[in-house]
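> Need a 3D model of the following:
(chains A, B, C and D)
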2 protein chains.
Amino acid sequence: MNLKQFSKLLGLSPTTVSRALGGYPEVKEETRRRVRDAARQHGYSPNRRAASLATGRAMAIGHVIPTALNHEMVNPIFADFIAGAGEVYARAGYDMLLSVVPDGDEERAYRQMADAGSVDGLIVHGPRDDDPRIALLRETGLPFVVHGRAAVEQTDYSFIDIDNARAFQRATDLLLDLGHRRIAFLNGLEGMDFARRRRTGFERALTGRSLVPLPDLMSSTEMTEHQGHANAARMLARADAPTAFLVSSLIMAIGVRRAIEDRGLRMGRDVSVVIHDDMLSYLMNGEDVPIFTGTRSSVRAAGRRCAEVLLAQIGAERAPPVQDVWECDLVLGGSTGPAPLSERRS
Amino acid sequence: MNLKQFSKLLGLSPTTVSRALGGYPEVKEETRRRVRDAARQHGYSPNRRAASLATGRAMAIGHVIPTALNHEMVNPIFADFIAGAGEVYARAGYDMLLSVVPDGDEERAYRQMADAGSVDGLIVHGPRDDDPRIALLRETGLPFVVHGRAAVEQTDYSFIDIDNARAFQRATDLLLDLGHRRIAFLNGLEGMDFARRRRTGFERALTGRSLVPLPDLMSSTEMTEHQGHANAARMLARADAPTAFLVSSLIMAIGVRRAIEDRGLRMGRDVSVVIHDDMLSYLMNGEDVPIFTGTRSSVRAAGRRCAEVLLAQIGAERAPPVQDVWECDLVLGGSTGPAPLSERRS
DNA sequence: TGAAATGATCAAAGCGGTTTGGAAAAATGC
DNA sequence: GCATTTTTCCAAACCGCTTTGATCATTTCA
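Sure thing, here's the model as predicted:
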């Protein structure tokens, strides 16, 4: 059923019907009601593509999901991020266009979405240090919002990020306050901007107390359960095993916990663990008392906010960029305790 | 840059340019090359919406992601499923349209995508018993493929599913063979078709050995770590605690393991656990020897297959429905062992 | 009562492509 | 060399909607 047929059915012109449904004031209320009812009854809905073509607005937002560097991994935070953003799009009548691409092809995917005019704006996921996508998008003129941020030229684009450096500095300080000195740090892949900032925070806390970061107790990998287990196991097997772990994700920390228990140790008593928690819906960090002590920030809320900012940006061209840097809560759970007494002197 | 401008630039007609890029044989190879090069150089790409409108094909597939029943949960398997499907779409030049909707509004979302003509086909996620969406989609005439299946009238639609009943029967048989008699079953939400089938398999194995399922040792919840922990903890606290758990998801089993270890017991020795593993990329079940014994089937592969079947269905109208039921591997890991001797008699 | 203002509806021109039915140019056959 | 076929290109008609500018009907005001 198209507009022409539908309007003939009603004995009205296409113009009037279109305006009635569009909510324009030029049409009598009674007529509008009649049109609305008929539309519902006959299942008429304006063809999206035709409407887009006519208005020049795609009414869609693009997300490019990279499948991570080597392995074919999809970052598990996407599900929640997208759920958050999706809520906002749905309310505003926007579609969400997803493009899943191998990790190198992202630029091509962005450019193609832009050139083909299939979206009105884009969300950039997982920015790297000095990410080339930002320059590219700026060039296309399409509004975009970055989840996270890139290191360079933060002046002229919108982003929503957490204060990774500060969060990890505070987390490290907590462990130091508890007397831990040999603190291992299991981070995400270097090259990702967030991982670099987190390392900065970790190192800043250590040097703040005249300690030096030990390369042997730092790793930088994909944040899987497996990597958490493998790296923690390796470190715990050392003569100078760490007494605490700072871990970049909850999933990774589950592997760390497994490694701890494999050695017959108990998390929170023998070995402390502090994490960053993205508050994923299917991996709640305990109910009352959190399982893991950690910094936390809802990635779903970030998705919502990114979407809101982007839609605002699309609505009001030439709006100044929005740059949110969210503070994380640091919440105490059951995974931390004082360093064993024998360690305190060091 | 639009077609008219671009073709003027080349001194050709829009027709010829469109055909050159579309790969039609009516245009000289040399001309085609010239057009292609110029397109790349000037960043010309046919407007997607206009092309769709003209051809009548949206070149997009719709996915409706429900945020689960009560809590605002997004099923974590979506990330991997979508990654699989996305690969196939990308290769075929299709877009993926995502709609995230609260759990009741799914029907409306499907109908709207269909009426507005924004997609050429749909994937149905998480079918329930007797799912109304299937009748609805059949009515719209839009091709669709179900991931999983609904209980009724399986004759005339395409689906990709695993043999849940058989997988869970085999898993239960394994535990029975190991001497376990008090086997707890932590399932997904009843109402979901897969959960019903899994329960059927579980019960069939028990009754096959003249045992009766104990309602106190069965739960049916969202498959989160938290639910796994809470239910396992409750059951383990009973006088007649189970010696084994059959668990519907790896994430849930992580909670079960935590509950086991909270009681000072050891998984695989004191308590056995068998899971179903969707082989999510960020939650690999160990590397060499799996952590958890379990049935398994790649949800990413299912995503790929669903997409392939759907595209084929779109290409060849009136093709017979494809109905794949995949057998799961049952892989031994470290989470299972013989029932404690004291239990064997029962 | 007639002119002006207001309200309700409509015809037609896009939006940016694809595709049909030719026409012009080049190649082929006799 | 001319008729015929093949190749290469093009003009114009759509696809289904929105929106501008105009028309017709009704109301208001002097």
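> hey, let's count contacts and neighbours off CA atoms from now on
Noted.
> tell me the secondary structure for A:I123?
strand (DSSP: H, G, I helix; E, B strand; the rest coil).
> sorry, that was for A:A150
Taken by three-state DSSP, the conformation at A:A150 corresponds to coil.
> Any idea how many residues pack against it?
When neighbours are defined as other CA atoms under 10 Å in any protein chain shown, A:A150 has 21 of them.
> can you check the one 10 residues further on too?
Residue crowding around A:I160 was assessed by other CA under 10 Å; the count is 20.
> Which pLDDT does the model give it?
The per-residue pLDDT reported for A:I160 equals 97.
> Can you name the residues that contact it?
Remark: with contacts taken as CA atoms under 8 Å, 6 or more residues apart in numbering or on different chains, A:I160 is in contact with A:145-149, A:302, A:305-306, A:322-326.
> of those residues, buried ones?
When neighbours are counted using 16 or more other CA atoms under 10 Å in any protein chain shown, the contacts of A:I160 contain these buried positions: A:145-149, A:302, A:305-306, A:322-324.
> Looking at these, which has the smallest pLDDT value?
A:R149 (91).
> and the gap between that residue and A:R197?
Relative to A:R197, A:R149 is positioned 10 Å away (CA to CA, to the nearest Å).
> ok, now A:A109?
If you measure A:A109 against A:R197 using CA to CA, the figure is 27 Å.
> number of nearby residues for A:P25?
Neighbour tally, A:P25, other CA under 10 Å: 10.
> and it, that one's in a strand?
No. A:P25: not assigned to a strand; according to three-state DSSP it is coil.
> Which member of the buried ones among the contacts of A:I160 is positioned nearest DNA strand C?
Out of the buried ones among the contacts of A:I160, the one with the shortest distance to DNA strand C is A:V145. That distance is 24.3 Å, counting by CA to the nearest atom of the strand.
> Model confidence for A:A150, exactly?
According to the predicted model, the pLDDT of A:A150 comes to 85.
> what's the answer for A:E190, then?
We have a pLDDT of 89 for A:E190.
> so what's the backbone phi/psi at it?
Main-chain torsions, A:E190, degrees, to the nearest 10: phi -60, psi 150.
> any idea how far it is from A:R196?
In this structure, A:E190 and A:R196 are separated by 6 Å, where distance is defined by CA to CA.
> Mind checking which of the two has more residues around it?
Under the criterion of other CA under 10 Å, the comparison of A:E190 against A:R196 puts A:R196 first, with 21 against 17.
> show me what contacts the more buried one?
Applying CA under 8 Å, 6+ apart, we find A:R196 in contact with A:E190.
> For it, what is the enclosing helix or strand?
Assignment of secondary structure by DSSP states H and E places A:R196 within helix A:193-208.
> Which other helices and strands does the helix or strand just after that helix contact?
Sequence-wise, the next helix or strand beyond helix A:193-208 is strand A:218-220, with elements assigned using DSSP H and E. Counting contacts by 3 or more CA pairs under 8 Å, 6 or more residues apart in numbering or on different chains; DSSP states H and E, strand A:218-220 is packed against strand A:183-187.
> May I have the strands that pair with the strand it packs on, each with its orientation?
Based on DSSP bridges, the strands next to strand A:183-187 in the sheet, each with its direction, are strand A:218-220 (parallel), strand A:244-247 (parallel).
> quick one: contacts of the longest one?
Contacts of strand A:244-247 with the rest of the structure, by CA under 8 Å, 6+ apart, involve A:171-172, A:175, A:180, A:182-187, A:253, A:271-276, A:339.
> Out of those residues, which end up buried?
Using 16+ other CA under 10 Å as the burial test, the contacts of strand A:244-247 include A:171-172, A:175, A:180, A:182-187, A:253, A:271-276, A:339 as buried.
> Could you pull up the residues touching the residue of the stretch 151-300 of chain A found nearest DNA strand C?
Using CA to the nearest atom of the strand, A:Y157 is the residue of the stretch 151-300 of chain A that sits closest to DNA strand C, at 25.9 Å. Contacts here follow CA under 8 Å, 6+ apart; on that basis A:Y157 touches A:144-145, A:321-323.
> repeat for A:G188
Applying CA under 8 Å, 6+ apart, one finds that A:G188 lies in contact with A:195, A:220-223, A:248.
> Just give me the closest of those to DNA strand D.
Within the set of the contacts of A:G188, A:A195 lies nearest DNA strand D; the separation is 44.4 Å, counting by CA to the nearest atom of the strand.
> Surely the closest one and A:L189 touch.
Yes. In terms of CA atoms under 8 Å, A:A195 counts as a neighbour of A:L189; the distance is 6.3 Å.
> okay, the two: which has more neighbours?
Set side by side, A:A195 and A:L189 give different neighbour counts by other CA under 10 Å, the larger being at A:A195 (22 against 17).
> pLDDT wise, what is the more buried one at?
Looking at A:A195, its pLDDT reads 96.
> Need the pLDDT of A:E153.
The model's pLDDT for A:E153 equals 61.
> okay, now A:D37: neighbour count?
One way to gauge burial is a neighbour count; for A:D37, by other CA under 10 Å, it gives 12.
> That one sits in which helix or strand?
Assigned by DSSP H and E, A:D37 belongs to helix A:29-42.
> what does A:I65 give?
With the criterion set as DSSP H and E, the secondary-structure element containing A:I65 is strand A:60-67.
> Buried residues in whatever helix or strand comes next after that strand, which are they?
The element immediately downstream of strand A:60-67 (helix or strand, assigned by DSSP H and E) is helix A:77-92. Of the residues in helix A:77-92, those scored as buried under the neighbour-count criterion (16+ other CA under 10 Å) are A:77-89.
> quick one: the helix or strand that the helix holding A:D37 is followed by to helix B:48-55, angle?
Following the chain from helix A:29-42 toward its C-terminal end, the next helix or strand by DSSP H and E is helix A:48-55. Here helix A:48-55 runs at 120 degrees with respect to helix B:48-55, directions being taken by axes from the mean of the first three to the mean of the last three CA atoms, to 10 degrees.
> Contacts for helix A:48-55, please.
Around helix A:48-55, the neighbours that count as contacts under CA under 8 Å, 6+ apart are A:58-59, B:49-50, B:52-53, B:58, B:116-118.
> Buried ones in whichever strand or helix holds A:A232, by neighbour count?
Using DSSP H and E, A:A232 sits in helix A:225-236. The neighbour-count check on helix A:225-236 (16+ other CA under 10 Å) flags A:225-233, A:235-236 as buried.
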